[in-house]
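>>> here you go, sequence then predicted model.
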Amino acid sequence: MAAHAIARMTQVAQAFAQANWVAVKRLNSGDELEDLSMALDALGKQLRRQLVALGAAEATLVQTLDALPEHPDPLLGPAVMDHVSD
């Protein structure tokens with residue numbers, strides 16, 4: 001049982017490393033393996049939440065950048081910037 005549980009949790013950890021959010025089968029063994037399965041499950045959930053938040057932040061940044069004027073410095077205007085680049 002222990003060898004199978006460790007092998008399964010190893011596969012889960014490897015899947016997480018590739019951002020493949022597989023289900024973690026929690027063990028009810030009353031020992032360290034149960035603790036490890038619960039910790040691995042919590043880790044997977046936290047990583048998913050963080051990646052979702054990161055994706056949302058990235059989308060917001062892209063939208064903000066897309067909304068910026070195309071001119072390199074809108075405060076100075078084109079006449080001033082023409083002289084700066086000379």
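Yes, it's here. What you see is a predicted model; the values in this text were computed from it and never measured. Residues are numbered from 1 along each chain as shown.

>>> I'd like to know which elements the lengthiest helix in the chain is packed against.
Determined from DSSP state H, the single longest helix within the chain is helix 32-67. Helices and strands in packing contact with helix 32-67 are listed as helix 2-17; criterion 3 or more Cβ pairs under 8 Å, 6 or more residues apart in numbering; DSSP states H and E. (Each C-beta comes from the backbone N, C-alpha and C, glycine too.)

>>> let me see the contact set for the residue most central in space within the chain.
For the chain, the residue whose C-alpha lies nearest the mean C-alpha position (Cα atoms, centre = their mean) is Leu51; its distance is 2.3 Å. For Leu51, the contacting residues are Ala19, by Cβ atoms under 8 Å, 6 or more residues apart in numbering.

>>> repeat that for Met38.
The contact partners of Met38, taken as Cβ under 8 Å, 6+ apart, are Arg26.

>>> and it, how close does it get to Trp21?
With distances taken as Cβ to Cβ, to the nearest Å, Met38 is found 16 Å from Trp21.

>>> how deep is Val12 tucked in, by neighbour count?
Other residues near Val12 number 21, with proximity taken as other Cβ atoms under 10 Å.

>>> which residues touch it?
Counting by Cβ under 8 Å, 6+ apart, Val12 makes contact with Val22, Val24, Leu40, Gly44.

>>> nearest spatial neighbour of the first one, chain-adjacent residues omitted?
Looking back up the chat, that one is Val22. Leaving out its chain neighbours, the residue that sits closest to Val22 by Cβ to Cβ, 6 or more residues apart in numbering is Ala15, at 4.6 Å.

>>> can I get stretch 60-70 in CSV, CA atoms only?
The C-alpha atoms that make up stretch 60-70 are tabulated as CSV, following Å, rounded to 0.1, in the frame of the first residue of the first chain:
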residue,chain,number,x,y,z
THR,A,60,-5.1,43.5,-16.8
LEU,A,61,-1.6,44.5,-17.6
VAL,A,62,-2.1,43.7,-21.3
GLN,A,63,-5.3,45.7,-21.4
THR,A,64,-3.7,48.6,-19.7
LEU,A,65,-0.7,48.6,-22.1
ASP,A,66,-3.1,48.3,-25.1
ALA,A,67,-5.0,51.3,-23.8
LEU,A,68,-1.9,53.5,-23.7
PRO,A,69,-1.4,56.0,-26.5
GLU,A,70,1.0,54.9,-29.2
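
>>> this completes my enquiry, with thanks.
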